[in-house]
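Enquirer: 3D, please:
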Amino acid sequence: MDAAWACAVDRAAGVADSTKRFFLSFRRPPVPPQQPGPNSIDILKRLQRQAFYDIMQLRERQEKVEKVLTLFKSSKIGPFAEESTRVKGLVNFAGALALKDKQATAPDTSEANPGISSQFAFHTTVRKKDSLVAELATDSRFLFQENDLVGSPLVLSKVMYLANVNDNFSVAAVPVGARCDDFSTDPSIREGHWLTSFRSSLRPPLLRKRYKHAAGLILKSQNFAASLAELVSTAVKSSSGEASSIFTGFGQISCRIHDEMKLTMSAAVHGPCVIPRKGKPTSGGCVDLELKLDEDSRIGAWVEAKRSNPKQLKWAVALSDMPDDDLGWGVSMRRGCSEGVPERIQLEGFLNLHLGQKATLQPGFVFSLDGRRCAPSFVLQSSWFL
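Expert: Predicted coordinates:
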């Protein structure tokens, strides 16, 4: 009896143990203890040390580059050390063809001379606000004169220094190749005087003439501008062969009337001395009036006289409309343009065509009236920018 009871107890204990193991098999295994990882503060410190090392290397390289640039800049001396030079090139062509009388003299089309000429301008900014301009010209007129070689085909035609003291006051000096237009209150006339154009009829010959050297002042404000200059040229006396200086005084006043409308008056007198005196009076002079209706349209009139023959006046009236990007035109009437025939009157008309942005073509007709005789001519001028 006892043996049977003991066997039943052992079986019950085995069943309980098996049941316990069965249910324990469904439990998750125990998680092993984690090892201590790196601290986030240590990571930040390590990254900071690496970044500081990289920054120091970059700073060292930057100091080397700055040192090289400093040595390069210090090797340059003078006001032109860090300035650049702009170069402009221009090729002009002018020609005339008489349509009626082949033996007639060619018309005087403004200041254009038949043939091909080229010019190069070098413009340098000095001390951030001043400017230095040098011009070189190639022209067949400088090659031969009466079968004698008188010069080089490449000549220095102009040197000009413009000092802008402030926004309203400038001082200009031209030691070589001066013109009255160099002291104009209009910057476009100063920069574009070398462009051959029929618009030159708006300017009297005395203002277009080249002089040896000159100096002047330019004053300008928002609606008013004025300039004053003295130009010097050399004349040789035919009797004695001695060279004497001829002084030309130039003055210009410009005022804005309304919006783009502007009136400009220019005058010039020339003679053997700077200030006319009783013993040395002036040799002649000119007065020029120009009304600028807008940026492209202009009406001009001028008169020029000589003391030796005050009755033979030279005068002109001109009207032009020459936009920069469209078809332009102009007409003018002049008297006394030819030295041989001072009474001759010329009627002139032209068109201004733009061939892209680098070239202009100006065909026109000139009618020379000498008494009852009329000599028509076809004229052509062209300018090509380089």
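Enquirer: rest of the way, CA atoms for contacts and neighbours
Expert: Fine.
Enquirer: okay, and the helix or strand of the chain with the least pLDDT?
Expert: When each helix and strand of the chain is scored by mean pLDDT, DSSP states H and E, strand 144-145 comes last, with a mean of 43.
Enquirer: count of residues packed around the nearest residue to residue 162 once chain neighbours are set aside?
Expert: Using C-alpha to C-alpha, 6 or more residues apart in numbering and skipping residues adjacent in sequence, the residue nearest residue 162 is residue 172, 4.4 Å away. Neighbour count of residue 172, defined by other C-alpha atoms under 10 Å: 21.
Enquirer: try residue 379
Expert: As a burial measure, residue 379 scores 23 neighbours (other C-alpha under 10 Å).
Enquirer: could you verify my assumption that it touches residue 361?
Expert: No - using C-alpha atoms under 8 Å, residue 379 makes no contact with residue 361, being 11.0 Å away.
Enquirer: and residue 227, how many neighbours does it have?
Expert: Number of residues near residue 227 (other C-alpha under 10 Å) recorded here: 21.
Enquirer: Provide the strand pairings for the biggest strand by length in the chain, with the direction of each partner.
Expert: Longest strand in the chain, counting residues (DSSP state E): strand 243-258. Sheet pairing for strand 243-258, assigned by DSSP bridges, gives strand 224-236 (antiparallel), strand 261-271 (antiparallel).
Enquirer: after the longest helix seen in the chain, which helix or strand is next?
Expert: Secondary structure of the chain per DSSP state H: the longest helix is helix 40-74. Using DSSP states H and E, the helix or strand that follows helix 40-74 in sequence is strand 85-98.
Enquirer: tell me the mean pLDDT for that next one?
Expert: Average pLDDT, strand 85-98: 79.
Enquirer: repeat that for stretch 229-238.
Expert: 79.
Enquirer: now that stretch: buried residues?
Expert: If you call a residue buried by 16 or more other C-alpha atoms under 10 Å, then stretch 229-238 has these buried ones: 229-233.
Enquirer: for it, C-alpha coordinates in PDB please.
Expert: Extracted as PDB, the C-alpha positions of stretch 229-238 are listed here (Å, rounded to 0.1, in the frame of the first residue of the first chain):
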ATOM      1  CA  ALA A 229      40.100 126.700 -71.900                       C
ATOM      2  CA  GLU A 230      43.100 128.100 -73.500                       C
ATOM      3  CA  LEU A 231      44.600 126.400 -76.600                       C
ATOM      4  CA  VAL A 232      48.000 127.000 -78.200                       C
ATOM      5  CA  SER A 233      49.100 126.300 -81.800                       C
ATOM      6  CA  THR A 234      52.100 127.200 -83.900                       C
ATOM      7  CA  ALA A 235      52.100 129.300 -87.100                       C
ATOM      8  CA  VAL A 236      55.100 129.900 -89.400                       C
ATOM      9  CA  LYS A 237      55.400 133.300 -91.000                       C
ATOM     10  CA  SER A 238      56.000 133.000 -94.800                       C
END
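Enquirer: what lies in contact with that stretch?
Expert: Applying C-alpha atoms under 8 Å, 6 or more residues apart in numbering, the contact partners of stretch 229-238 are 178-180, 183, 211-217, 242-251, 274.
Enquirer: any idea how far residue 63 lies from residue 265?
Expert: 59 Å (C-alpha to C-alpha, to the nearest Å).
Enquirer: neighbour count for these two, which is higher?
Expert: Neighbour count, other C-alpha under 10 Å: between residue 63 and residue 265, residue 265 has more, with 18 against 11.
Enquirer: show me what the more buried one is bridged to.
Expert: On the basis of DSSP bridges, residue 265 takes part in beta bridges with residue 253, residue 289.
Enquirer: tell me the spacing between it and residue 62.
Expert: Counting by C-alpha to C-alpha, the gap from residue 265 to residue 62 is 59 Å.
Enquirer: ok, back up a step: contacts only, for the residue nearest to residue 162.
Expert: Contacts of residue 172 by C-alpha under 8 Å, 6+ apart are 160-163, 183, 215-218.
Enquirer: go again using 6 Å as the cut-off
Expert: By C-alpha atoms under 6 Å, 6 or more residues apart in numbering, the contact set of residue 172 is 161-162, 215-216.
Enquirer: in strands only, show me these.
Expert: Short answer: the contacts of residue 172 in strands (DSSP E) are 161-162, 215-216.
Enquirer: okay, those in TSV with distance to residue 85 next?
Expert: Listed next are these as TSV, based on distance: C-alpha to C-alpha, whole Å:
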residue	distance to residue 85
161	14
162	15
215	23
216	24
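Enquirer: nearest to residue 98, of the buried residues of stretch 229-238?
Expert: The shortest gap between residue 98 and any of the buried residues of stretch 229-238 belongs to residue 233, at 34.6 Å (C-alpha to C-alpha).
Enquirer: and the closest one, what are its bridge partners?
Expert: For residue 233, the beta-bridge partners under DSSP bridges are residue 246.
Enquirer: residue 306 now?
Expert: residue 284, residue 309.
Enquirer: ok, it - how many residues close by?
Expert: Residues near residue 306, counting by other C-alpha under 10 Å, number 17.
Enquirer: now residue 204: how far from residue 219?
Expert: Counting by C-alpha to C-alpha, the gap from residue 204 to residue 219 is 23 Å.
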